[in-house]
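Engineer: Predicted model and sequence below, questions to follow.
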Amino acid sequence: MDYSLSQKRNINSLVLIVPFLLGLGVDLYVPSLPAITTYFHTQASFVQLTISLYMLGYGIGQTVLGVLSDSFGRRRVLLSSALFFTLVSFLAALSPNVFMLEVCRFLQGISVAGLAVVARAIIVDVFSGDELTNATNSLTLSWSLGPIIAPFIGGYLQHYFDWQASFYLFGLYGLFIFAYAFIKLPETNLHLSALSLSTICHSISIICIHPTFMLLTTVAGFCYAIVVLFNLVGPFLIQIVLHYSVIAYGNIALVLGCAYFLGALSNRFATNYFHTKSLLLFGLISSLTSGVLMIFLGIMFTINLFVVLIPTFLIFFFIGFIVPNALVQTMTLFSKAAGTASSVFGTVTGIIVFIVTLFGSVLKTESQIPLSFTYLVLLILAMILFLLVRKSEGA
């Protein structure tokens, strides 16, 4: 189907609106983690678990909802997910204890999974070639705006209104997505597939056994986990150990969010001149070098803001070259089953982030050394997997 210029503009707008929530979903309330710990009189690890469970729901939900979008359409899944996210967000703000908050965060993750998988599938439905590359870069740029703006806003929300304000804002944003999509979004999946368990399992198995798809998806998962892991450790490291205020943390997180955004923006321009796999390799080598620098600074100097901030900024910047290009490479492998492929991509990355952040909740925060070594291990693993992709394609 040929889409009109107006329809493409509406879809491009939605591609900008939805991914922003994906970044917002973690980072908005991150400055409040120490305050939530105090509010519920609980351990920090239980509050950090709200991030891990969100990522688990985000991962699990994408397989189911991505497949459903192939069978029942993108529009239905997106509208249902946006409405459910709105309701659960308001419920989270009323949580009487940390366990209720954890349940709500898991459900938020499932609903965001529906928004994420549909957003990625829609651009494959509508665009191809350079338009697809540009739309994918727009999607990742929009996602990167969440970590930039969210902690900055969240710091002030915590300072003036307490932690519940972030969840009320989640609810209002979800309601906005629902209203916009209800009015503007046409159905983009014009080749609905029958909902057959055997067919679904067969489609998923074909994708899961594709070595290039799985290796590059795992690379993206490790690198995405690096960004989320700082959200887990950073508030306690900066607010508790370095004694900065919640507003100061929001400003610091804004700077780090700018790092990823600038990296993704630079990558978008670079794709006009270089192949996506070359840019992916550049991002891996540069971020790995920055990880070594982070360990060196941590060993040589007493912990301070700049010892933490400078290498983390560099790592986040170069990850902006990794995730978008890994996503483009994986999605083009299964363009005719975009919903299923997108769901598998999201499920694998979500489960990887869940496992990494679950481990991250036990990291000590007296210095950045434990975080630095975790970063280095993840980047080395990502590099090894990418080299395996190159070796298999060269065979």
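Structural biologist: Received the coordinates, thanks.
Engineer: Flag the shaky bits of the stretch 51-200 of the chain, pLDDT-wise.
Structural biologist: The model of the stretch 51-200 of the chain has pLDDT under 70 over residues 128, 130, 133, 193-195.
Engineer: give me that answer again for 80
Structural biologist: Counting by pLDDT under 80, the stretch 51-200 of the chain has low-confidence residues at 66-67, 70-71, 120, 124-148, 187-200.
Engineer: likewise the stretch 251-395 of the chain?
Structural biologist: 328, 331-343, 346, 360-368, 392-395.
Engineer: Quick one: the helices in it, in order.
Structural biologist: Assigned helices in the stretch 251-395 of the chain, in chain order: 276-300, 305-319, 323-333, 338-360, 369-394 (criterion: DSSP state H, counting those that start in this stretch).
Engineer: so what secondary structure elements neighbour the shortest one?
Structural biologist: Contact analysis of helix 323-333 by 3 or more Cβ pairs under 8 Å, 6 or more residues apart in numbering; DSSP states H and E lists helix 98-126, helix 129-161, helix 211-235, helix 246-270, helix 276-300, helix 338-360 as its packing neighbours. Yep, even glycine has a C-beta here, placed from its N, CA and C like the rest.
Engineer: Run a quick neighbour tally on residue 248.
Structural biologist: Number of residues near residue 248 (other Cβ atoms under 10 Å) recorded here: 16.
Engineer: swap in residue 95?
Structural biologist: For residue 95, using other Cβ under 10 Å, the count is 21.
Engineer: just the one 3 residues further on next, same as before
Structural biologist: Each residue near residue 98 was counted by other Cβ under 10 Å, and the total is 19.
Engineer: now the one 4 residues further on
Structural biologist: Neighbours of residue 102 under the rule other Cβ under 10 Å: 20.
Engineer: Residue 355 now?
Structural biologist: 16.
Engineer: ok, back up a step: for residue 245, find the nearest of the helices of the stretch 251-395 of the chain.
Structural biologist: In terms of Cβ to Cβ, the element of the helices of the stretch 251-395 of the chain nearest to residue 245 is helix 305-319, at 12.6 Å.
Engineer: Also compute the angle for that closest one relative to helix 129-161, please.
Structural biologist: 150 degrees (axes from the mean of the first three to the mean of the last three Cα atoms, to 10 degrees).
Engineer: by contact count, what packs against helix 305-319?
Structural biologist: If you count contacts as 3+ Cβ pairs under 8 Å, 6+ apart, helix 305-319 packs onto helix 211-235, helix 246-270, helix 276-300, helix 369-394.
Engineer: and the third one, how far out from the chain's middle?
Structural biologist: Relative to the mean C-alpha coordinate of its chain, helix 276-300 is positioned 20 Å out (Cα atoms, centre = their mean, to the nearest Å).
Engineer: Give me the contacts around that helix.
Structural biologist: By Cβ atoms under 8 Å, 6 or more residues apart in numbering, the residues outside helix 276-300 that reach it are 133, 219, 223, 263, 267, 270-271, 274, 307, 310-312, 314-315, 318-322, 325-326, 328-329, 367-369, 372-373, 375-376, 379-380, 382-383, 386, 390.
Engineer: Which of those are buried? Put it as a PyMOL command.
Structural biologist: Per 16 or more other Cβ atoms under 10 Å, the buried members of the contacts of helix 276-300 correspond to this PyMOL selection:
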select buried, resi 133+219+223+263+267+270+271+307+311+312+314+315+318+319+320+321+322+325+326+328+329+367+368+369+372+375+376+379+382+383+386
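Engineer: quick one: which of the helices and strands packed on helix 323-333 is nearest residue 30?
Structural biologist: So among these, helix 211-235 is nearest, using Cβ to Cβ, at 4.6 Å.
Engineer: Next, the buried residues of that closest one.
Structural biologist: The neighbour-count check on helix 211-235 (16+ other Cβ under 10 Å) flags 213-235 as buried.
Engineer: returning to what we had before: want to try a markdown table for the helices of the stretch 251-395 of the chain, with distance to residue 189 as columns?
Structural biologist: Putting the helices of the stretch 251-395 of the chain into a markdown table (distance: least, Cβ to Cβ, whole Å) gives the following:
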| stretch | distance to residue 189 |
| --- | --- |
| helix 276-300 | 25 |
| helix 305-319 | 31 |
| helix 323-333 | 15 |
| helix 338-360 | 7 |
| helix 369-394 | 29 |
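Engineer: No further queries at this time; thank you.
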